[in-house]
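Undergrad: Take a look and give me a structure for this.
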Amino acid sequence: MKKIRINYIYFLIGAIPILFYIFGVFYDNIRFNNGLGFDGATYGYYVKECIVQNINNYYAHRILPSLITKLFLNIFNIVPTDETIFTTFHILNIVFFTFSIVLFFKISQKTNMSLKRSYFVITLVFFNFFFLKNAPFYPVLTDYSAFFLSTLLLYSYIFNKPILTFFCFLSGVLTFPTIAPMVFVLFFVKKNNSIQAHNNLLTRLIIWMQKKRVITIVIYLIPLIYAYLALRLLFVWIPDISNYYFWSTEKLNIIISIISMITNVLVLITLLYTYSNYLQKKLITISKEWDTNLSYLFILISCLILIETILKYFVINPEIQSPTNSIKLIETILLMSVQRPLLAIFSHIFHWGGLVIISLIFYKKIIENAEKYGYGMLLLLMMHSVLFIFISETRLLIGFLPFLAFLTAISIPENVLSTNFLAIHSIISVIISRFWLKFDDLGISSDINLDSWYFLGGPWTKDKGYFILAIVSIILFLVYGLLTKKNLKTL
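TA: Now for the predicted structure:
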């Protein structure tokens, strides 16, 4: 009887974000390109024309949601139009979110979370701008499919289901660029709770690296390399990439950009110092599962090479210019990072709400818990921390959201997780999720036909938008600081 009652409570908790989403669908939608939006217009075109060839590299790795939508429409014999594609993506998003909620509750039960923590993790993931506002407003994106896959990846990691992980990997290669690297990082050194010393070359190499503090040196090279590239961008590359990707040279003030770079370096060193301690102290040898991990990685790499070969010769047209390549990606990340001080963190707070602030307050405890779940989880969190500081377009980090939310939920102290805290946190999260900024405040052309205000944040934010982000973020940090004041020593 008690189990039935708990499942009923789970159902009520899970129904809240879904109801919010459905309400948002009827409340307001993007009007640009008949509701398909920006990238969504391309995805819609692929659905209508059933195109799987002559695609550029960028969209070839995001083609799977369009194929699923096309399959859905064909099954029900529905003609693909802008309206039916828009509606189908809404339906698929609701399905993905519903399954994601179920997976989070399964994870909660597996890790013995209380009902309070189970509710808390749902608020961290779903009570924010990205899901309560952006998703129903702009549904034709691959971001929400990527979120479901990363939630499924978290579930497969916690429950140790390699077949499911393999499915996430294959699907992720054709859905979102961060999923495949996440799988590699998670399973490269998966476990650390059963160590066995093997007298082989690899073990001796790791022990030597530890004695010589090679791992620490490599970690601290990251901010130095970033500082060098950022300075090179500001003083050498800028003339060659003016007006690139919504930026123009006059928007990058050298003094502000250098301050932004220094701020990023300081925050990065603070975080990496903690990671370095865990890696340096405990990574003394390889796990019992090392050989299995290597075999698993070999299979993943082989499949990745096969998929990329098929895409290269049968799908991708090299003559069609792609919005991104390796050089442009580096330039974009650098431009994002030096535009304004802490812009990335402020943008993440607006998109993901209290999750970002709470994870910063308890970051040491989060890193400690990540290590308990294996070095793969720790390395994944470290990768997220680096990108978190540099990339201000939060949607690009959507794959990390389930992992960060899970680790934050299990790391917050029990004495903080009171009913009053949960109530205030929920109210704040819902209120913040309703924020919009005018396009004029973001630097977007007023010629774009949008009836609503649309918050993009990140690299498109002008001075007015930045100050709004900064002031609200600081106020929120103070509020959450007061709510968790007994634990501020963890900062």
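Undergrad: so where's the protein uncertain?
TA: Scanning the chain for pLDDT under 70 picks out the ranges 1-14, 23-27, 50-54, 188-215, 237-252, 278-298, 312-328, 436-461, 486-491.
Undergrad: run the last query once more with 50
TA: In the predicted model of the chain, residues 1, 192-199, 241-243, 245-250, 284-291, 441-443, 445-449, 451, 490-491 satisfy pLDDT under 50.
Undergrad: isn't residue 393 right up against residue 347?
TA: Yes: if you go by C-beta atoms under 8 Å, residue 393 and residue 347 touch, sitting 7.5 Å apart. The way it works is simple: take the backbone N, C-alpha and C, and place the C-beta from them, glycine included.
Undergrad: The two - which one has more neighbours?
TA: Between residue 393 and residue 347, counted using other C-beta atoms under 10 Å, the more crowded position is residue 347 (28 against 18).
Undergrad: now that one: how far from residue 177?
TA: 19 Å (C-beta to C-beta, to the nearest Å).
Undergrad: Check residue 33 too.
TA: Relative to residue 177, residue 33 is positioned 23 Å away (C-beta to C-beta).
Undergrad: what sits against residue 421?
TA: 483, 484 (C-beta atoms under 8 Å, 6 or more residues apart in numbering).
Undergrad: so how far is the helix or strand encompassing it off the chain centroid?
TA: Taking DSSP states H and E as the criterion, residue 421 maps to helix 419-432. Relative to its chain's centre, helix 419-432 lies at 22 Å (C-alpha atoms, centre = their mean, to the nearest Å).
Undergrad: Which of the helices or strands spans the residue lying closest to residue 261 once chain neighbours are set aside?
TA: Leaving aside its sequence neighbours, residue 261 sits nearest to residue 230 (C-beta to C-beta, 6 or more residues apart in numbering; 4.5 Å). Residue 230 is part of helix 214-232, with elements assigned from DSSP H and E.
Undergrad: The helix or strand that comes right after that helix vs helix 214-232, what angle?
TA: Later in the chain than helix 214-232, the nearest helix or strand by DSSP H and E is helix 254-282. Angle, helix 254-282 to helix 214-232, by axes from the mean of the first three to the mean of the last three C-alpha atoms, to 10 degrees: 170 degrees.
Undergrad: and helix 254-282, which residues are buried?
TA: 257, 260-261, 263-265, 267-268, 271-272, 274-276, 278-280 (16 or more other C-beta atoms under 10 Å).
Undergrad: From these, pick the one nearest residue 404.
TA: Distance to residue 404 across the buried residues of helix 254-282 (C-beta to C-beta) is lowest for residue 271, with 13.0 Å.
Undergrad: I'd like the distance between the residue nearest to residue 261 and residue 260.
TA: Taking C-beta to C-beta, one finds residue 230 at 8 Å from residue 260.
Undergrad: any common contacting residues for these two?
TA: In contact with both residue 230 and residue 260: 337, 338, using C-beta under 8 Å, 6+ apart.
Undergrad: on that earlier part again, where's the helix holding residue 230 relative to the chain centroid, distance-wise?
TA: Remark: helix 214-232 is offset 23 Å from the chain centroid, using C-alpha atoms, centre = their mean.
Undergrad: for stretch 119-138, same thing?
TA: The mean C-alpha position of stretch 119-138 is separated from the chain mean by 13 Å, C-alpha atoms, centre = their mean.
Undergrad: For residue 71, see how far away residue 150 is.
TA: Residue 150 is 22 Å from residue 71, by C-beta to C-beta.
Undergrad: Compare these two (neighbour count), which wins?
TA: Counting neighbours by other C-beta under 10 Å for residue 150 and for residue 71 shows that residue 150 has the greater number, 25 against 10.
Undergrad: helix, strand or coil for that one?
TA: helix (DSSP: H, G, I helix; E, B strand; the rest coil).
Undergrad: That one contacts residue 404, correct?
TA: No: when contacts are counted by C-beta under 8 Å, residue 150 is not listed as touching residue 404 (10.3 Å).
Undergrad: mind listing what's buried in the helix holding residue 421?
TA: Quick answer for helix 419-432 (16+ other C-beta under 10 Å): 421, 422, 424, 425, 426, 428, 429, 430, 432.
Undergrad: Redo the residues you listed as JSON lines? Include distance to residue 44.
TA: Output for the buried residues of helix 419-432, formatted as JSON lines (distance: C-beta to C-beta, whole Å):
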{"residue": "421", "distance to residue 44": "43"}
{"residue": "422", "distance to residue 44": "40"}
{"residue": "424", "distance to residue 44": "41"}
{"residue": "425", "distance to residue 44": "37"}
{"residue": "426", "distance to residue 44": "35"}
{"residue": "428", "distance to residue 44": "36"}
{"residue": "429", "distance to residue 44": "31"}
{"residue": "430", "distance to residue 44": "31"}
{"residue": "432", "distance to residue 44": "30"}
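Undergrad: And the strands in this structure?
TA: Ranges of strands within the chain: none, based on DSSP state E.
Undergrad: Just to check, residue 479 is in contact with residue 428?
TA: Yes: applying C-beta under 8 Å, one finds residue 479 in contact with residue 428, separated by 6.8 Å.
Undergrad: Pretty sure residue 412 sits against residue 359.
TA: No: using C-beta under 8 Å, residue 412 makes no contact with residue 359, being 9.5 Å away.
Undergrad: the more surrounded of the two?
TA: residue 359 (24 against 21).
Undergrad: quick one: the more buried one and residue 401, what's the gap?
TA: When residue 359 is compared with residue 401 (using C-beta to C-beta), they lie 11 Å apart.
Undergrad: do the same with residue 233
TA: 28 Å.
Undergrad: neighbour count winner among the two?
TA: Neighbour count, other C-beta under 10 Å: between residue 233 and residue 401, residue 401 has more, with 25 against 21.
Undergrad: List the contacts of the more buried one.
TA: Contacts of residue 401 (C-beta under 8 Å, 6+ apart): 125, 147, 150, 352, 355.
Undergrad: what about 6 Å?
TA: Residue 401 makes contact with no residue under the criterion C-beta atoms under 6 Å, 6 or more residues apart in numbering.
Undergrad: and it, how far is that from residue 355?
TA: 8 Å.
Undergrad: Same question for residue 394.
TA: 11 Å.
Undergrad: got it, and residue 170?
TA: The value you get for residue 170 to residue 355, if C-beta to C-beta is used, is 29 Å.
Undergrad: out of these two, which sits in the more crowded spot?
TA: For residue 170 versus residue 355, neighbours defined as other C-beta under 10 Å are more numerous around residue 355 (24 against 19).
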